[in-house]
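**Student:** Compute the structure for the input listed below.
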Amino acid sequence: MIKILHNPRCSKSRAGLKLLEEKGIQPEIVKYLDQPLSTQELKEILAMMGKRPTDILRTNEDLYKKAYKGKELTDDEWIEVMVANPRLIERPIVINGNKAVLGRPAENIETIL
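**Tutor:** Okay, the predicted model is just below:
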């Protein structure tokens, strides 16, 4: 089952979902702002992506600019910040089995289908 970490208010996230639906895929939609990820889930997703937390950190968010910009945190500390503040996680993230990808641009999703 393909999953998408989705924010319906985000145009990039909607574009990722649309790409999947156009390919006939009905993914499990995880509204991660309503159903926050656990620390373990985020670690697993990052491992599937081959990314570090700062690679999927939304640095244009006001919260980041006000509270975290310029801070030197460990990967585990960033993960805790992102779990506590899911708005700071880039979207959409699409998961297919043991692979995951950031769907920015949406065409990135095709690499794991």
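**Student:** how many other residues sit next to Thr39?
**Tutor:** When neighbours are counted by other CB atoms under 10 Å, Thr39 registers 13. Every residue, glycine included, has its C-beta placed from N, CA and C.
**Student:** didn't it look like it was pressed against Trp78?
**Tutor:** No - at 11.1 Å, Thr39 does not count as touching Trp78 under the criterion of CB atoms under 8 Å.
**Student:** Show the pLDDT at Lys12.
**Tutor:** Per-residue pLDDT puts Lys12 at 96.
**Student:** Low-confidence stretches in the protein?
**Tutor:** Across the chain, nothing is flagged by pLDDT under 70.
**Student:** how about the helices in it?
**Tutor:** Assigned by DSSP state H, the chain shows helices spanning 11-22, 39-49, 62-63, 75-84.
**Student:** got these as TSV, with distance to Val94 columns?
**Tutor:** As requested, the helices of the chain are exported to TSV (distance: least, CB to CB, whole Å):
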stretch	distance to Val94
helix 11-22	6
helix 39-49	10
helix 62-63	24
helix 75-84	18
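**Student:** Tell me which of those approaches Ile95 most closely.
**Tutor:** The closest of those to Ile95 is helix 39-49. By CB to CB, the value is 6.7 Å.
**Student:** contacts for that closest one?
**Tutor:** Here helix 39-49 makes contact (CB atoms under 8 Å, 6 or more residues apart in numbering) with 5, 37, 52-53, 55-56, 79-80, 82-83, 89, 93, 95, 98-102.
**Student:** Narrow those to those in strands?
**Tutor:** Mapping those onto strands (DSSP state E) picks out Leu5, Ile93, Ile95, Lys99, Ala100, Val101, Leu102.
**Student:** If burial is judged by neighbour count, which of the residues you listed pass?
**Tutor:** Leu5, Ile93, Ile95, Ala100, Val101, Leu102 (16 or more other CB atoms under 10 Å).
**Student:** Show the contacting residues for the first one.
**Tutor:** Looking back up the chat, that one is Leu5. Neighbours of Leu5 in contact, by CB under 8 Å, 6+ apart: Val30, Tyr32, Leu37, Ile45, Ile89, Arg91, Pro92, Ile93, Val94, Ile95.
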